[in-house]
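> With the sequence up front, the predicted model follows.
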Amino acid sequence: MALVKYGGGIVQMSGSIAGSVFARNKSGNYVRPRTKPVNPNSFRQEFIRTALSHLAEHWHKELDATERGLWETYAAAVAMKNKLGETIHLSGFNHFIRTNSPQLMLAEDIKEAAPTTLSLMEKDETTICSEENIAGQTFTFTFDNTGWGVTPDLKYWMCFYQGQPQLASRQTFHGPWRFMSAAGTVAGDAGTQQLPAEFSFAEGQKVWFQARMISFSGRTSEIWTLPPKTIEAD
């Protein structure tokens, strides 16, 4: 890995060109060789590939012009951030896929109607992993949704993702992640959810988690990273 200092011609780069990957961490910009990961063709990979293919076909064959137009309206109103931190707007098709891929993971019906509230779901960054159980290989998450307010979207999903356990000395983590499960909850009630681990863990390791909120209407928050949990003896 090589550190990079950009001149007047290029301010920032993120992504890959030919055999090099351009990225940034807390130390600054860097370039590393691009490596092609091994494709294990796991059940999770095949499920996501099939889901994305199914949703793309559903968009073109099952939605009518009015429904696709309402997704475009939603997309035009919702600002997102790209890898460089710039504000961008995705297409209606992008938001349809982004909204419905978690729905299929939750075994819910496809949301053909675009959300009428023209915004993303808010993150709930009070969420923490409050407890772990080594013997049972489970994690307990606590979240306080009393501040979510009363809205037409009274039912929510809180989706959790576990990172691969690391040494306790590790200070940052960027993957891999695995979808754990989702907690169904209602606005105004404090929640606690115990979920089985997706990566086995042991005493002395450190584990990171991510979360995402999804409303009943399909509005989906951006994924955020929870504080890491250092595993202690039961």
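Now that the structure is in, tell me what you want to look at.

> isn't Leu55 right next to Met105, touching?
No. Leu55 lies out of contact with Met105 (Cβ atoms under 8 Å); the separation is 11.7 Å. Where you see a C-beta, it was placed from the backbone N, CA and C, and this is true even at glycine.

> So these two - more neighbours on which side?
Per other Cβ atoms under 10 Å, whichever of Leu55 and Met105 has more neighbours is Leu55, with 21 against 17.

> For my notes, confirm that one occurs in a strand.
No. Under DSSP: H, G, I helix; E, B strand; the rest coil, Leu55 falls outside any strand and is assigned helix.

> Provide a list of residues in contact with it.
When contacts are counted by Cβ atoms under 8 Å, 6 or more residues apart in numbering, Leu55 touches Phe96, Ile97, Asn100, Ser101, Leu104, Ile110.

> give me the element the third one is part of.
I take that to be Asn100. helix 92-105 (DSSP states H and E).

> Can you tell me which helices and strands that helix packs against?
Counting by 3 or more Cβ pairs under 8 Å, 6 or more residues apart in numbering; DSSP states H and E, the packing neighbours recorded for helix 92-105 are helix 43-61, helix 65-77, strand 155-163, strand 209-215.

> If you average the pLDDT over it, what comes out?
Taken as a whole, helix 92-105 carries a mean pLDDT of 91.

> list the buried ones in that helix?
Buried residues in helix 92-105, counting neighbours by 16 or more other Cβ atoms under 10 Å, are found at Gly92, Phe93, His95, Phe96, Ile97, Arg98, Thr99, Asn100, Pro102, Gln103, Leu104, Met105.

> again with stretch 224-234
Quick answer for stretch 224-234 (16+ other Cβ under 10 Å): Thr225, Leu226, Pro228, Lys229, Ile231.

> Quick check: can you list the domain ranges of this structure?
2-33, 43-105, 128-230 (automatic domain parsing).

> Tell me which of those domains is the most buried.
domain 128-230 (a mean of 16; mean count of other Cβ atoms under 10 Å).

> For Gly191, see how far away the residue nearest to Thr126 when sequence neighbours are not counted is.
Among residues not flanking Thr126 along the chain, Asp144 sits closest, at 5.0 Å (Cβ to Cβ, 6 or more residues apart in numbering). Distance, Asp144 to Gly191, using Cβ to Cβ, to the nearest Å: 8 Å.
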